[in-house]
Each structure stands twice: as structure tokens, then as C-alpha cells.
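*Asks:* here is the input, now give the coordinates:
(chains A, B, C and D)
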Number of protein chains: 2
Amino acid sequence: MANQDIHREWASRIRGQEGSEPLAESVVEILDCAALCFTETGFQGTSIDDVARRLGATKGRIYHYFRSKTDLFFEVHREGMKRLMGAVIEAKSAGGTGRETLQRMVEAHALTMMQNVAYEAVVVQGVHLHRLSATTPEQRVILDELMDVRHRFEQMFVEVFEAAQADGSARQDADTSLAVKGMLGAVNWMAIWYRPRQDDSLETQQAMARNLATLQVEGIG
Amino acid sequence: MANQDIHREWASRIRGQEGSEPLAESVVEILDCAALCFTETGFQGTSIDDVARRLGATKGRIYHYFRSKTDLFFEVHREGMKRLMGAVIEAKSAGGTGRETLQRMVEAHALTMMQNVAYEAVVVQGVHLHRLSATTPEQRVILDELMDVRHRFEQMFVEVFEAAQADGSARQDADTSLAVKGMLGAVNWMAIWYRPRQDDSLETQQAMARNLATLQVEGIG
DNA sequence: GTCTATAGGCTGATAGAC
DNA sequence: GTCTATCAGCCTATAGAC
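*Replies:* Sure thing, here's the model as predicted:
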């Protein structure tokens, strides 16, 4: 079962244990097309036939790998979160003052958003996951898990912010939760306006990520 | 025709000319219910029957006032933008340095988001308006108009930012467009996480808006 | 102005051939 | 593993009674 493989891989990745088998090529192809469709027309606006058409196939292929449209959406979301988590965890582990670490995390977050717009736009949509009215018990388990990762993702930023307050590199009077929601909002919003251009080199993207992160951490003054 | 009335009122409001007739009570009732439904379950996820049920009526009533579901969505979006525009234009007109003005605008934006979550969540969804594949020529006109307001809204912030750079109250090296997209993202994101609570007094909301605006303008250091 | 009834189209999911 | 065929349900929009 493809779902379970992905689940296992992702779960171990979060725990910091690498070394799970990569996704099968056929699954990745489907996920890529699904991510694009969901990004362009939303969950309810995308039909399985749309995804199949983009894939150059029919829905038989998709239903062979995914039990339902909801499951498909979940897997795209999961993959998007995996990439975000991986990038931010790495940025967090490099050391420096709390504020420096926070800036690196925001920058990594922003760069990952740009390099995976389709997947991350689905993650942003997924904020409204309750909308999907996940009904089956299995889906509810996956849903709870996804919400949990979202929460832990945000919490990582809060912790580092508090560390920054403790080491004197961030203002003491700030509401850390609100500040983090603001920063993450500024970055997540990229999923809505940013679309890669032909002339977007890696350097361009890195520069944008750095600029945005600096503005969020240092302000405009 | 209700649509046209609303259109006229809104258009004159944007031009700064008040004094158009207020919306009919029956229309407001429908818009309120529609805003809640669209916010909770999205455009495609909301059926006209859902809105009617919330309204305590049947869809006959809704189709009497709105030609289509898309038109209904447009009107909610329009009303949401009207409220945002009104608040930010007022904040912009008060004077002070560019940076002070900008902070007041962000604060007003944030407060309006909190006080009209349902409408503003629809506005945020509307960023993907092309998804609705507005087909009729009339709808395309409305769509173009809405996109235009969005653009002018953002442009107001860019102008004030540049004024702040000119009067020395903002850093010269900042990419104004990116900075504004960041700030607006931080505030727009409220539509996703903020939901009013019982104990949310006006003072509480104002304090949150002020905190968020300060963090966005001054940074965390 | 609001309701009921219904037409007509699309979509998620399944069954079974190859 | 992939495709074709198909069903059953839901949803937009309209027509016409009251």
C-alpha cells in the first residue's frame, strides 16, 4: 500500500531517522500532477479526471495507487510538509544566536516555498483541512497527524523565538505566538503570489528569500 | 437588480464619494450567510442549498437576488474589499511620517480582518479567482474590476512605503514590493487562524492589531 | 418574494476486460 | 497495471405554483 509506505518514510524523517525507501516513480508522477491541479483549481475544483488528463492517463491508474481523492490530497500535503520540515530543521541546527537561527529558518522556509510552489500551495490550502470532512477513521488519523505536524512546525519557530528573547537577541515585550504567526503568514503568502519565471535562477530565489527573512526579522526601519 | 446597486455603491465609495443607498436588508442577510459558508467550506465546497439552509430558506430566495453562485461569491468579495479599502484609506489620510502612516494602515488592515473574518476570508480565497473560470462577459468585467482593486490596495502600501523611504523613516535598501507583500501576507494570514472568541473585546482586538503592525514595521529585534 | 419540483450535467468510485 | 464502461448521487439553475 503506497499510503503506508509514504507514511512510514515521512514519520521516520520527522524523527530525524533517514534511510527509508524513496517513493516509487509512478507515485511521484501522480503526486506531481495532483499538486499542480490542486494548486490551480483547489480541492473541490479538481476532478480525478483532471489529474488523470494532466498525467496523460485515465483515472484507473490513480485509483490503483490511491483509495480516494482525499487520500491523494493528503499525500501531496504530507510531501509538502516533509520538504518544509526538512529544510527548517536543518536551518535550525546550525547554531548562533536565537535571532540568527530564526532568520535562517525563515529564509529556509521561504526558499522551500519557492522551489516547491505546487506542493506548498496545497499545504497552504490544507489549513482548511476540516473542510474535507474526512469521514473514514483512517482519514481522520492522517488528518490528526497532519494537523499535529503543522502545530509542531509552528512551535519550532516559537521555541527559537523564546530562545532569542532569553539570549537578548529579540525584544522581550513581543507576543511570541503572534509574532510567529505574522512571520509564517508573510512566508506562506508566497504560495499565493509567487510563481517561478524563466529567469529565476537559484541565486535570484535565494536573494528573495534572504530579503524577505531580513525584513521580517529586522523590520523596515 | 441587486448586483448593480451594490456595484454602484461600491464604485462611488472607492472614489471617496459616500452617500449611496445602503444594501437592502434581504441582500445583507444572504451575503452574511454566504460569507460564513464560503469561509467554512470554500467556493466549490459550498452549495447554494447550504447557504439557503443557513438562511432558513430555500434556494428560490437566493436566485431571486443573485443570478448565479459565482455572482454571489463576487458580491461577498466586493463587500469584503470595500470594508478593507475604507479602513485603510482612512488610516492613510491622517498624516505623520511615511513609516507612521504605514504602521497605522497595517493596523487598520489587521483590525478590519478581525472584525469581518467571514468576508475577509472570502477575499483571501478570492486571490485564486481565476479558478472560478468566470465565463460570462459580465462576470469577467466584475472579475477584472476586483483584481484591479486588489492591485490598487497593494499599491497604496507601496506608495506609502516609498514615501517613508523618501522622508528617511524606512530603510533605503528594501525591495518595496517584496516588503509590502510580506506585510500584507502577515495580515491576510489572520483570515486563516483568527476566529473571534467570546472574550474578545474591541480593546483586545485593537491590541492584537497594534502588536502585529508594530512587529511587521519594527521587526523583532 | 418565496416556495416546490425537476431537468440536465458532472463527478467520485467501482467492476471487469486486457 | 492500466484502461473502458457505467452507476449512483449531488448540485446548479430554471419553471411555475402560491
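
*Asks:* average pLDDT for the helix or strand harbouring residue A:88?
*Replies:* Using DSSP states H and E, residue A:88 sits within helix A:69-92. Mean pLDDT, helix A:69-92: 97.

*Asks:* for it, list every residue counted as buried.
*Replies:* Using 16 or more other C-beta atoms under 10 Å in any protein chain shown as the burial criterion, the residues of helix A:69-92 that qualify are A:69-85, A:87-89, A:91-92. (Glycine included, C-beta is placed from N, CA and C.)

*Asks:* all the helices of chain A, residue numbers only.
*Replies:* For chain A, the helices defined by DSSP state H cover A:2-14, A:25-41, A:48-55, A:59-65, A:69-92, A:98-115, A:117-125, A:137-166, A:176-188, A:190-193, A:202-218.

*Asks:* what about the fourth one and DNA strand D, touching?
*Replies:* So that's helix A:59-65. Yes: against DNA strand D, helix A:59-65 shows contacts by C-beta under 7 Å from any atom of the strand at A:59-61, A:63-65.

*Asks:* let me know the closest of those to DNA strand C.
*Replies:* Closest approach to DNA strand C among the residues of helix A:59-65 next to DNA strand D (C-beta to the nearest atom of the strand): residue A:63, at 4.0 Å.

*Asks:* how close does the closest one get to chain B?
*Replies:* With distances taken as C-beta to the nearest C-beta, to the nearest Å, residue A:63 is found 21 Å from chain B.

*Asks:* now swap in residue A:50 and tell me
*Replies:* In this view, residue A:50 and chain B are 12 Å apart by C-beta to the nearest C-beta.

*Asks:* could you list the low-pLDDT ranges of chain A?
*Replies:* Within chain A, the stretches with pLDDT under 70 are A:1-20.

*Asks:* those residues of it touching DNA strand D, which are they?
*Replies:* So far as C-beta under 7 Å from any atom of the strand goes, chain A lies against DNA strand D at A:26, A:52, A:57-61, A:63-65.

*Asks:* looking at it, residue A:76 is touching residue A:34, isn't it?
*Replies:* Yes: counting by C-beta atoms under 8 Å, residue A:34 is a contact partner of residue A:76 at 5.3 Å.

*Asks:* what about the nearest residue to residue A:162 once chain neighbours are set aside, how many residues nearby?
*Replies:* Spatial nearest neighbour of residue A:162, chain neighbours left out: residue A:176 (5.8 Å); criterion: C-beta to C-beta, 6 or more residues apart in numbering or on different chains. Number of residues near residue A:176 (other C-beta atoms under 10 Å in any protein chain shown) recorded here: 17.

*Asks:* wait, doesn't residue A:176 sit right on residue A:160?
*Replies:* No: in this structure residue A:176 lies outside contact range of residue A:160 using C-beta under 8 Å: 9.7 Å.

*Asks:* mind checking how far the residue in chain A that DNA strand D sits nearest to is from residue B:60?
*Replies:* Proximity of chain A to DNA strand D (C-beta to the nearest atom of the strand) peaks at residue A:60, 2.0 Å away. Distance of residue A:60 to residue B:60, given as C-beta to C-beta, to the nearest Å: 41 Å.

*Asks:* what's near enough to touch the closest residue to residue A:182 other than its chain neighbours?
*Replies:* Among residues not flanking residue A:182 along the chain, residue B:186 sits closest, at 4.1 Å (C-beta to C-beta, 6+ apart). With contact taken as C-beta atoms under 8 Å, 6 or more residues apart in numbering or on different chains, residue B:186 is in contact with A:181-183, A:185-186, A:189, A:216, B:212, B:216.

*Asks:* reformat these as CSV; add distance to residue B:106.
*Replies:* Formatted as CSV, the contacts of residue B:186 follow (distance: C-beta to C-beta, whole Å):
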residue, distance to residue B:106
A:181, 14
A:182, 10
A:183, 14
A:185, 12
A:186, 12
A:189, 14
A:216, 13
B:212, 7
B:216, 6
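
*Asks:* which two from those end up farthest apart in space?
*Replies:* A:189 and B:212 (13.9 Å; C-beta to C-beta).

*Asks:* more neighbours, these two?
*Replies:* Legend: neighbour count by other C-beta under 10 Å for residue A:189 and residue B:212, higher for residue B:212 (28 against 24).

*Asks:* okay but that one is in contact with residue B:106, surely?
*Replies:* Yes: in this structure, residue B:212 is within contact of residue B:106 by C-beta under 8 Å, at 7.4 Å.

*Asks:* so what sits against both of these two?
*Replies:* With contacts defined as C-beta under 8 Å, 6+ apart, the residues adjacent to both residue B:212 and residue B:106 are residue B:187.

*Asks:* what is the helix holding residue A:88 packed up against?
*Replies:* In terms of contacts (3 or more C-beta pairs under 8 Å, 6 or more residues apart in numbering or on different chains; DSSP states H and E), helix A:69-92 is packed against helix A:2-14, helix A:25-41, helix A:48-55, helix A:98-115, helix A:117-125, helix A:137-166.

*Asks:* mind giving me CSV with those helices and columns for mean neighbour count and distance to DNA strand C?
*Replies:* Output for the helices and strands packed on helix A:69-92, formatted as CSV (neighbours: other C-beta atoms under 10 Å in any protein chain shown; distance: least, C-beta to the nearest atom of the strand, whole Å):
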stretch, mean neighbour count, distance to DNA strand C
helix A:2-14, 16, 14
helix A:25-41, 20, 9
helix A:48-55, 17, 4
helix A:98-115, 23, 26
helix A:117-125, 24, 15
helix A:137-166, 16, 10
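
*Asks:* if anything else comes up later, I'll come back, but that's it for now.
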